[in-house]
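[1] here you go, sequence then predicted model.
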Amino acid sequence: MPARTHFRTHPATTGGVDVRLPWWALALPVLAFGILFLLILNPSDAHAAGADPEIAHLVERARQLLTR
């Protein structure tokens, strides 16, 4: 008994792939970045032994700009 052959009723698409991300795929990395950035901006919690003064100055300046 021969097997039936199935034919395509419509041609295959040749366009690009349509990928839709869920809302949390963008929200979670943005939230994580924001939380980590806020942790960096609080110099009272930082206890680095030999911190570079230029980086500390940059972080302090960023904190001042964000609190205005």
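    Done, it's in.
[2] all contacts plus neighbour counts: C-alpha atoms, from now on.
    Will do.
[3] run through who's touching the longest helix anywhere in the chain.
    Assignment by DSSP state H gives helix 24-41 as the longest helix of the chain. Applying C-alpha atoms under 8 Å, 6 or more residues apart in numbering, the contact partners of helix 24-41 are 46, 59, 60, 62, 63.
[4] can you check the pLDDT for residue 30?
    On the pLDDT scale, residue 30 is placed at 93.
[5] ok, now how distant is it from residue 9?
    44 Å (C-alpha to C-alpha, to the nearest Å).
[6] more crowded one of those two?
    residue 30 (12 against 6; other C-alpha atoms under 10 Å).
[7] just checking, what packs against the lowest-mean-pLDDT helix or strand in the chain?
    Within the chain, no helix or strand scores below helix 53-67, which has a mean of 83 by mean pLDDT, DSSP states H and E. Using 3 or more C-alpha pairs under 8 Å, 6 or more residues apart in numbering; DSSP states H and E as the contact definition, the elements that helix 53-67 packs against are helix 24-41.
[8] for the least confident helix or strand of the chain, buried residues please.
    For helix 53-67, burial by neighbour count (16 or more other C-alpha atoms under 10 Å) applies to 59, 60, 63.
[9] what about the closest residue to the first one other than its chain neighbours, how many residues nearby?
    For residue 59, ignoring the flanking residues on the chain, the nearest one in space by C-alpha to C-alpha, 6 or more residues apart in numbering is residue 41 at 6.0 Å. Around residue 41 there are 20 other residues, counting by other C-alpha under 10 Å.
[10] from residue 26, how far out is residue 41?
    23 Å.
[11] count the neighbours of residue 21 for me.
    For residue 21, the count of nearby residues is 8 (other C-alpha under 10 Å).
[12] now do the SS call for it.
    When classified by DSSP: H, G, I helix; E, B strand; the rest coil, residue 21 comes out as coil.
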